[in-house]
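# what follows is a predicted structure for the sequence shown.
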Amino acid sequence: MRTAAFALCFLCLGVAALPAAAQRREAQRTEAAPVELRARLRELGIVIGRRTPGKLNAITDVAGVRVGQVTLRKGEGKLEPGQGPVRTGVTAILPHGGDLWREKVPAASWVLNGTGEMTGSIWVDTQGALEVPILLTNTMNVGRVMQGSIKYMLKRYPDIGVADDVVAPLVAECDDSTLNDARGTHVTEDDAVRAIEEAVEGPVAEGDVGAGTGMTAFEFKSGIGTASRVLTAEEGGWTVGVLVNSNMGLREELTVAGAPVGREISDLMPKEVTDGSIVVVVATDAPLDHLKLKRLASKAALGLARTGATSRHGSGDLFLAFSTGNRVPHYPKPLTYKMEVVADTHLNPLFEAVQEATEEAILNALTAARTTEGRDGNTAYALPLDRLSAAVSKYGRKP
């Protein structure tokens with residue numbers, strides 16, 4: 001009743017009479033699910049940091065970046081391995097809409113804690129560039145999603161593995177087995193291909209969608225979240241965008257705008273808790289090389305820390321950063337190519353931007369996600385937005 005009353009009040013106030021952007025985000029959801037009014041953090045009047053977000057406050061504010069998501073939600077009740085219930089999906093990120101194989105982008109990975117997997121990251125760090133779509137999914141579906149990425153690449157580039165190089169897919173995972181039938185490996189190759197082919201610019205659906213469908217954070221329902229920051233003209237005018245798949249944290253750790261929200265909301269607990277993981281993807285149009293992108297990726301971990309999360313033994317805290325500010329040719333002719341790179345002395349604004357955007361992306365995942373009942377009645381409750389606002393206000397953090 002409390003949630004319903006808050007939803008009615010929220011609509012009356014016009015704060016989330018679902019604005020146009022929110023309606024576009026909701027339109028990206030592909031599965032039938034109960035209607036539960038949600039909002040982004042800034043729609044609640046809670047502001048993170050001092051820097052200005054992009055128009056969409058999303059990773060897609062970096063020109064050319066595209067996101068596609070396939071959500072799988074079916075069945076309920078007792079777990080029947082291989083049958084369901086299913087609460088999972090796949091999320092695809094494309095750095096640009098051109099020929100990624102022949103026009104690679106500089107990239108780098110970074111690991112805070114390695115109880116997780118990001119396939120293809122060794123090759124990314126060896127060549128210092130990204131040449132394939134970025135795919136996010138659940139742990140035991142990595143193989144199928146890799147095959148889907150290969151299927152997409154072979155269809156688009158018939159010379160791969162024949163007259164051209166072989167391809168190394170990039171797939172990063174988190175464990176959704178507390179809600180999902182993980183043994184069923186329900187994400188198919190075609191789901192991965194579809195997520196890539198349907199990736200678009202514009203608003204990004206958040207919360208229990210795509211790879212985030214079965215994820216939890218701080219023992220609330222969570223999943224996909226995104227945010228961005230735009231530097232001033234004097235700082236270069238570049239954009240930093242972040243997309244996360246968040247699946248980590250204990251309740252008492254949750255901190256929002258400096259307020260100990262997790263200690264204020266101690267009920268609505270799930271039956272099961274795992275160490276969890278997070279995947280953070282950072283995009284920027286600032287011209288950076290591999291080394292500077294690795295430094296940028298590492299700074300995103302400070303945004304994670306600002307939410308109160310700690311890196312645990314069993315967590316896979318994996319980071320990837322890429323720049324659209326340069327192109328790396330597949331086979332350069334002549335033998336060299338040129339890159340423009342931001343000087344070390346001008347990196348601080350980018351570091352600050354990625355910290356703020358990561359923090360807000362994680363919190364957007366929480367405020368967007370809806371209550372989800374998974375296998376065996378395990379329920380991940382949505383963070384109650386009225387109580388979130390009250391807790392932040394109590395500590396004087398709300399503007």
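Good, I have the coordinates.
# what about Glu340, distance to Arg387?
To Arg387, Glu340 is 48 Å away according to Cβ to Cβ, to the nearest Å. For the C-beta atoms, the positions are set from N, CA and C on the backbone; glycine is no exception.
# next: Leu320.
To Arg387, Leu320 is 34 Å away according to Cβ to Cβ.
# also Val142?
36 Å.
# hey, where'd the helices end up in the stretch 1-150 of the chain?
For the stretch 1-150 of the chain, helices defined by DSSP state H, counting those that start in this stretch occupy the ranges 2-13, 20-27, 121-127, 142-156.
# residues contacting Ala305?
By Cβ atoms under 8 Å, 6 or more residues apart in numbering, the contact set of Ala305 is empty.
# now Gln355
Listed by Cβ under 8 Å, 6+ apart, the contact set of Gln355 reads Gly49, Lys299, Ala300, Leu302, Gly303, Arg306.
# what do you get for Leu79?
Contacts of Leu79 (Cβ under 8 Å, 6+ apart): Pro85, Asp181, Arg375, Asp376.
# not counting sequence-adjacent ones, nearest residue to the first one?
Closest residue to Pro85 in three dimensions, ignoring its sequence neighbours and counting by Cβ to Cβ, 6 or more residues apart in numbering: Gly75, at 3.9 Å.
# check the last one too.
What sits nearest to Asp376 in space, not counting adjacent residues and going by Cβ to Cβ, 6+ apart, is Leu79, at 5.2 Å.
# quick revisit: quick one: which of Glu340 and Arg387 has more around it?
Comparing Glu340 with Arg387 by neighbour count (other Cβ atoms under 10 Å), the higher total belongs to Arg387, at 17 against 10.
# can you report how many residues neighbour the nearest residue to Leu288 once chain neighbours are set aside?
Closest residue to Leu288 apart from its sequence neighbours, by Cβ to Cβ, 6+ apart: Ser323 at 4.4 Å. For Ser323, the count of nearby residues is 30 (other Cβ under 10 Å).
# my guess is Ser323 meets Pro287, correct?
Yes: with contact defined as Cβ atoms under 8 Å, Ser323 reaches Pro287; the gap is 6.3 Å.
# residues contacting Arg50?
Residues counted as contacts of Arg50 (Cβ under 8 Å, 6+ apart) are Glu356.
# can you check Leu154 too?
If you count contacts by Cβ under 8 Å, 6+ apart, Leu154 has them with Ile160, Gly161, Val167.
# for it, give me the pLDDT.
According to the prediction, Leu154 has pLDDT 98.
# go on, Glu26?
Glu26 is assigned 54 on the pLDDT scale.
# kindly report the same for Thr3.
For Thr3, the model assigns a pLDDT of 37.
# which residue is nearest the middle of the chain?
Val244 (2.2 Å; Cα atoms, centre = their mean).
# packing partners of the one helix or strand that one maps to?
Assigned by DSSP states H and E, Val244 belongs to strand 239-248. Contacts defined by 3 or more Cβ pairs under 8 Å, 6 or more residues apart in numbering; DSSP states H and E place strand 239-248 against strand 86-94, strand 170-174, strand 216-217, strand 224-230, strand 276-284, helix 290-306, helix 348-368.
# quick one, what contacts the nearest residue to Glu340 once chain neighbours are set aside?
Counting by Cβ to Cβ, 6+ apart, Glu340 lies nearest to Pro287, which is 4.4 Å off, once chain neighbours are set aside. Applying Cβ under 8 Å, 6+ apart, we find Pro287 in contact with Ser323, Gly325, Asn326, Met339, Glu340, Val341, Val342.
# any idea what the residue nearest to Glu117 when sequence neighbours are not counted is bridged to?
Residue nearest to Glu117 in three dimensions, not counting chain neighbours: Glu173, with 5.3 Å by Cβ to Cβ, 6+ apart. Using DSSP bridges, the bridge partners assigned to Glu173 are Thr137.
# Glu173: neighbour count?
Around Glu173 sit 25 other residues, with neighbours defined as other Cβ under 10 Å.
# separation between it and Glu131?
According to Cβ to Cβ, Glu173 stands 20 Å off from Glu131.
# which residues are in contact with Asn378?
By Cβ under 8 Å, 6+ apart, the residues touching Asn378 are Thr178, Leu179, Pro270, Lys271, Glu272.
# filter the residues you listed to the buried ones?
Thr178, Leu179, Pro270 (16 or more other Cβ atoms under 10 Å).
# secondary structure, distance to Phe220 and pLDDT added to the residues you listed, as a markdown table?
What follows is the buried ones among the contacts of Asn378, written out as a markdown table (DSSP: H, G, I helix; E, B strand; the rest coil; distance: Cβ to Cβ, whole Å; pLDDT from 0 to 100):
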| residue | secondary structure | distance to Phe220 | pLDDT |
| --- | --- | --- | --- |
| Thr178 | coil | 13 | 95 |
| Leu179 | coil | 12 | 97 |
| Pro270 | coil | 8 | 92 |
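# which one of those is nearest Gln69?
Leu179 (17.1 Å; Cβ to Cβ).
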